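**Student:** Fold the following and give me the result.
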Amino acid sequence: MSIEHPEAFWLLLLLLPLLFIQWRELIESRRDLRHLSGHWREQEVLNLHLVKWFFSSIFLNLAVLFTVLALAGFSWGQEPLEQDRRGLDIAIAADISRSMWADDVAPSRLERSKDLMRALLQEFPGSRFSVTIFKGEALTAVPLTQDLHAVDRFIDAMNPNMFSSAGTDIEAGIHASLDSFFTGSNRHRVIALFSDGESLDGAPLRAAREAAAIGVPIFTVAAGTAEGATIPLPQGGQVRDQRGQVVVSRVDIETLGAVAERTGGEMIRVADADAFARLVGGIRRHETTMTGEGFRLVPVKRYRFFLIPALFFFVCYSAIRVIRWKDLF
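**Tutor:** Below you'll find the predicted structure:
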């Protein structure tokens, strides 16, 4: 079982003020009914009102509860999805934050990552590629295309000065990469994410869950070392923090590994001698993960399991509030 949007559970806190409002409504309405009903009918009217209040409150609270569960995006089980095996779409997500200038991986994290990106183009010449660059924001600079020469030229030109925004938002990079795929296509889709993993903004695992929900694995290429390195600036000097201390950037293996694991991809260290072979091997294994000819397994979304009861309870709540019960008894 998986939950695509666990943050939706925060909406359950709405039940607390709702319960308070319902209880206050009961107290005030019973007081008003005592004034409006005659003494000889007081108990009958109050009992009827209590029954209507109890069932309408129960049904409304259940409708809210099941709506939240539907929004959470529960998935369990797997089903075969027909798939076109004639092509592969690869979205390259490239971290171009200043930390990618660090040279703990020679000649730099960014240049070593570029080498692997160019090698991917050579290894999958019949595939379509897109290129998304990200720092504190993300942009799909090269839409999905088979013009590998255009993709190669853009990779050559990539550098941290393309964006003026500060920070690093891996979540934004993943979202933009997912958006670069054509809708309605059953081609194999993968994301190759090149980053040192230092995500100062966003929630990478949240974006990873969304990728996993639609069957898109993310292969993370970790650029950097655990020892880290200072970040040189083109004009000379090194990046310093607000206190004037020289910044040492280190690769975040834990975040990149979690993103890859959550989506069924693989984490590769760019400094490893077999980095390219592992990256290519992982992508090719994804192509052949099928239940049969032309099919692959995808999680089964179960939102209807909760949405239908939510609608039923809301209809019951509305019926209790609308129907004039005095005509029924």
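
**Student:** just for this protein, where's the confidence low?
**Tutor:** 32-45, 80-86, 289-298, 324-329 (pLDDT under 70).

**Student:** which residues in it form strands?
**Tutor:** 2-3, 74-82, 88-95, 128-134, 138-145, 188-195, 218-222, 229-230, 248-249, 267-269, 295-301 (DSSP state E).

**Student:** right, so of these, which gets closest to I323?
**Tutor:** For I323, the closest of the strands of the chain is strand 74-82, at 33.2 Å, according to Cβ to Cβ. For every residue, glycine as well, the C-beta is placed using N, CA and C.

**Student:** and the gap between the closest residue to F134 other than its chain neighbours and P217?
**Tutor:** Computed as Cβ to Cβ, 6 or more residues apart in numbering, the closest residue to F134 that is not its neighbour in sequence is G173, at 3.5 Å. Separation of G173 from P217 (Cβ to Cβ, to the nearest Å): 15 Å.

**Student:** what comes up buried for stretch 221-229?
**Tutor:** 221-225, 228-229 (16 or more other Cβ atoms under 10 Å).

**Student:** Reformat these as TSV; add distance to I253.
**Tutor:** Below are the buried residues of stretch 221-229 laid out as TSV (distance: Cβ to Cβ, whole Å):
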residue	distance to I253
V221	12
A222	6
A223	11
G224	9
T225	10
G228	12
A229	15
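
**Student:** All the helices of the stretch 101-250 of the chain, in order from the start?
**Tutor:** Per DSSP state H, counting those that start in this stretch, the stretch 101-250 of the chain carries helices over the ranges 109-123, 148-157, 170-180, 204-213.

**Student:** Looking at the ones you listed, which is nearest to A63?
**Tutor:** In terms of Cβ to Cβ, the element of the helices of the stretch 101-250 of the chain nearest to A63 is helix 204-213, at 24.9 Å.

**Student:** And the contacts of the closest one?
**Tutor:** 2-5, 7, 73, 75, 170-171, 174-175, 178, 191, 217-218, 255, 258-259, 262-264, 299, 301 (Cβ atoms under 8 Å, 6 or more residues apart in numbering).

**Student:** The same query, at a cut-off of 6 Å, please.
**Tutor:** Residues outside helix 204-213 that contact it (Cβ atoms under 6 Å, 6 or more residues apart in numbering): 4, 170-171, 174-175, 218, 255, 258-259, 262-263.

**Student:** the domain parsing of the protein - what is it?
**Tutor:** With domains defined by automatic domain parsing, the chain comprises 2-73+302-327, 81-299.

**Student:** still on that earlier bit, the contacts of helix 204-213 into JSON lines, with extra columns for neighbour count?
**Tutor:** JSON lines is the format used below for the contacts of helix 204-213 (neighbours: other Cβ atoms under 10 Å):
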{"residue": "E4", "neighbour count": "19"}
{"residue": "I170", "neighbour count": "31"}
{"residue": "E171", "neighbour count": "21"}
{"residue": "I174", "neighbour count": "29"}
{"residue": "H175", "neighbour count": "20"}
{"residue": "I218", "neighbour count": "29"}
{"residue": "T255", "neighbour count": "21"}
{"residue": "A258", "neighbour count": "17"}
{"residue": "V259", "neighbour count": "29"}
{"residue": "R262", "neighbour count": "19"}
{"residue": "T263", "neighbour count": "27"}
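
**Student:** So for the longest helix along the chain, what gets flagged as buried?
**Tutor:** Taking DSSP state H as the criterion, the chain has its longest helix at helix 42-72. Going by neighbour count (16+ other Cβ under 10 Å), the buried part of helix 42-72 is 45, 49, 53, 56-57, 59-72.
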